[in-house]
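Participant: Return a 3D structure for these sequence lines:
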Amino acid sequence: MNLSGVLIATLCVVPCTYAQTIRIQESQHQQVIQIRDGSNAAWREALELGGPMIRYTDSSQPIICSIASNELSGSKRIVKGSCDGGGTFEREIEIDQEPGILSVKVRFVPGPDRPLTSVEDRLIFMPETRRIDTPTQGPLDFVWSQNLKSAPEDLVAHWAFKSPVVMFQQGRVFAAIIPRVDLLTAASLKRAPVALDLDVTSGSRAWFSYGAVQEKPTGHSYFRRVSDAPIEGAVQYSYWIVASAEPERLGYRRVTHLLWDRFGSPVFKNSMELQRNVVKPDLFLFDDWRREAWTRYANEKFWDFDCGGGRRCGAISSNRNVWGKWEDAPKRDAWFNSWFQNLRSAYGWYVYARRTNDAPMMAKAESVLNLALKSPRNGGAFSTIYIDDSKTWHHDDGWHRDSTNYASFSMSWTGYWMLRWAEDLVPARKAEILSFVQPYGDFLVKVQQASGVIPSWFDEHLEPTSNMRDFNAETAGSALFLAKLSELAADGATYRTAAVRAQEFIDREVVPRQRWYDFETFVSCARKPFEFYDRWTAQYPQNNLSTIQAAMSDMELYRATKDRRYLEAGTRVVDYLLLTQQVWNHPLLKPQLLGGTTTQNTDAEWSDARQCYFATLLLDYYRETGNADYLERSIAAARAGLAVAPWENWAHNGFDNEEGALTGFHWGTGSDMASVEMMSGFLGDAFINAALSQGAGFNACTVRNVKVAGTKITFDLASAGSPRDLRIRFSGLNPKSHYTLVVNGHEAGGATGRVLIDDGFRLHQ
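Facilitator: This next block holds a predicted model:
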């Protein structure tokens, strides 16, 4: 083929019509991927792809391979070339069935006696970067990668592929590179590990890359290229390119769905093992876990005392030292903060006890509420840690900050769960609970700044400290509390106004550059200066605790006001949050990892305990939107925590195939099972949404092929642990109609819509 012309071939969506949205124009040295925004719009350059870039152990600079030929073979473009040192490559590009996606396969054969350390496809993002970098506007409108850089040679190793993608967007031009993790095996990763890389600021245009790269862990959670560890033999890797016109700053939402659709959902639908524990495989069905969590573990860690007025105060110990001295942990403590939330765990304990009519267990769970309400107050602020060994209260956790400071993030999360107790479990105590939390709500209204931000920390005199005073994303936690308080308080308008102002701050100041700053971003195990910024990728550090609470706040405001602006804003936050959820099972790590979550873009653990928060949040959003992704991701998140319990996470440094820290009941088994109890009333063991012909298995089962024809509901169900009874829950039914159920091709019975909605259907299988 003649390579001398500027334009030698065009590969477009088949058939090539005015509806095509992507094409490739090829010259002698590169392929240019073009997109257009609508059928009549002009073509715009999105990405440029040359020959692969390789590095040898003895080369000081990367070598760009040259293109020798290309051919059109059916719907595939085959590009071949050679590299200095004798290496050859072949790249195959094919249009995907979904518009705006290209499937790429690369095979590279190194030359003799030239040890190879990397071979990568580098794609140049064609829109120019801006020479501006402010907290609300960066060189590009949107940048995302799972890991940040601490040095130019850092990259995103496969150990960090929770949601495997790098994305850029400028205006409506969106581009992403997605590794085909479904094709990776333990053997291939050991022989030729793969990685993503990116750089936004070093040149006039940003680039990202994917290929086989030798790397090593550096520090707590970074990975860096190495030049002295050769890759043996030929190299193959595959990936997708996404290039399309998308709403400004929101192209990531398409990728969030794509990742689950291509990777997560197929595994989810085929597996009933996601909740089986990695160390104790007999811990599997939810009833097994209930005995483990509520009957054994909670009772083992529970303690209480007479606290006056005929009441018992109690808690489930976390056994954590307030100053981080783990060898000197108290035997009896009670934590009410953003990680170790006794009230949330006790909420799940109470729900289980009420369902099983266990009055003594209900009393134990409620004693945790009694203790929280005994916290000493100061102008509305209150302490969040109690050490029974010394009979002392501490304002907050001195390990991550200063135990003499009050933390609004911890107080707001505790206040929110007090209100959930009042609303859902003990409505007779609503006035008592409001009398405790309303002064705190008044305090937040008083300290809220004109911008809407609520400072993170306050000293003994309730003066805000300088760190995270004028900017933080922890404001979302206070917005959540204030929104819930506005629903329960008689004079809730003031609290709602403050909640709206806080959420507007998040939307205006945090979301544009995704600056999700909460305490864990800086002062947890991935410690860094408060001014940390990745100047190579133009990204800020971000942690998803605050993102979770921002999405919860939007949901509370939507439910209170029925204003769909809050639901729409919340789904945008949720879809961004989901980029920290795992969409595959890494073959070099032992547990089932699908649905678990990492924490931030400067830490590397898998299946962290906060997935329990994801689970209930996503179910709330499913119930309001009917988005099937949210339903499946919610269930996967709930089950993932059980796979690694009782530990906080797995592979804490990202690459070590071993359990993470054992940080107690409330950041592991208890928090996981609290979510299961909250979700079971709606999902049962399996769930069918008849209105949308959707379904999913929850408790070690799978649901497929849901079809609704009039009053006939047909679906396939497979379950583990058979024979057993499963309760199937339903929504989207007419309460007055009588429905017939056909399961696995056989009529299983029927009932009225009202019975199916209220009680579900009991199936023996």
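
Participant: my read is Ala499 is in a helix, agree?
Facilitator: Yes: counting by DSSP: H, G, I helix; E, B strand; the rest coil, Ala499 falls inside a helix.

Participant: Now do it against Ile454, distance only.
Facilitator: Distance from Ala499 to Ile454, counting by CB to CB, to the nearest Å: 10 Å. All C-beta spots, glycine's among them, are computed from the backbone N, C-alpha and C.

Participant: Between the two, which contacts overlap?
Facilitator: Ala479 (CB atoms under 8 Å, 6 or more residues apart in numbering).

Participant: Name the residues that touch stretch 315-324?
Facilitator: 298, 301-304, 326, 328-335, 340, 342, 345-346, 349, 367-368, 371, 385-388, 394, 397-400, 403, 663-667, 670.

Participant: can you tell me which of those are in strands?
Facilitator: 302-304, 333-335, 385-387, 394 (DSSP state E).

Participant: Which two among these are spaced furthest apart?
Facilitator: Farthest pair in the ones in strands among the contacts of stretch 315-324 (CB to CB) is Phe302 and His394. Separation: 20.7 Å.

Participant: Quick check: next helix or strand after the helix or strand encompassing Ser188?
Facilitator: Assigned by DSSP states H and E, Ser188 belongs to helix 186-191. Using DSSP H and E, the helix or strand that directly follows helix 186-191 along the chain is strand 194-199.

Participant: Give the partner strands of that following strand in its sheet and their orientations.
Facilitator: strand 154-157 (antiparallel), strand 207-213 (antiparallel) (DSSP bridges).

Participant: buried stuff in the helix or strand just after the longest one?
Facilitator: To tie it back to what came earlier, the one meant is strand 207-213. Sequence order places strand 215-218 as the next helix or strand after strand 207-213, per DSSP H and E. For strand 215-218, a neighbour-count test (16 or more other CB atoms under 10 Å) marks 215, 217 as buried.

Participant: Please apply the same query to stretch 199-209.
Facilitator: 199-201, 205-209.

Participant: for stretch 286-305, same thing?
Facilitator: 286, 288-290, 292-294, 297-298, 301-304.

Participant: how about low-confidence regions in the chain?
Facilitator: Within the chain, the stretches with pLDDT under 70 are 1-19.

Participant: in the stretch 151-300 of the chain, which spans are helices?
Facilitator: 186-191, 252-259, 265-270, 286-290, 298-301 (DSSP state H, counting those that start in this stretch).

Participant: would you turn those helices into JSON lines with distance to Met126?
Facilitator: Listed next are the helices of the stretch 151-300 of the chain as JSON lines, based on distance: least, CB to CB, whole Å:
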{"stretch": "helix 186-191", "distance to Met126": "32"}
{"stretch": "helix 252-259", "distance to Met126": "19"}
{"stretch": "helix 265-270", "distance to Met126": "32"}
{"stretch": "helix 286-290", "distance to Met126": "51"}
{"stretch": "helix 298-301", "distance to Met126": "57"}
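
Participant: Can you check which of these gets nearest to Thr580?
Facilitator: Of these, nearest to Thr580 by CB to CB is helix 252-259, at 10.6 Å.

Participant: quick one, what contacts Pro139?
Facilitator: Pro139 touches 129-133, 200-201, 206, 538, counting by CB under 8 Å, 6+ apart.

Participant: Likewise for Gln170?
Facilitator: Counting by CB under 8 Å, 6+ apart, the residues that Gln170 touches are 125, 127-129, 140-141.

Participant: Can you name the residues that contact the closest residue to Gly379 other than its chain neighbours?
Facilitator: Among residues not flanking Gly379 along the chain, Leu462 sits closest, at 5.3 Å (CB to CB, 6 or more residues apart in numbering). Counting by CB under 8 Å, 6+ apart, Leu462 touches 378-379, 381, 406, 443, 447.

Participant: any idea how far Leu462 is from Asp182?
Facilitator: Counting by CB to CB, the gap from Leu462 to Asp182 is 53 Å.

Participant: And for stretch 281-293, what's in contact with it?
Facilitator: 275-277, 352, 642, 645, 669-670, 672-673, 676, 680, 685, 699-700, 720-721, 724.

Participant: how much distance is there from that stretch to the middle of the chain?
Facilitator: Taking CA atoms, centre = their mean, to the nearest Å, the mean C-alpha location of stretch 281-293 is offset from the chain mean by 25 Å.

Participant: Could you tell me the end-to-end distance of that stretch?
Facilitator: 15 Å (CA to CA, to the nearest Å).

Participant: for stretch 412-432, same thing?
Facilitator: Note: stretch 412-432 ends 17 Å apart using CA to CA.

Participant: Across the sheet, point out what pairs with Val742.
Facilitator: Bridge pairing for Val742 - DSSP bridges - gives Thr714, Glu747.
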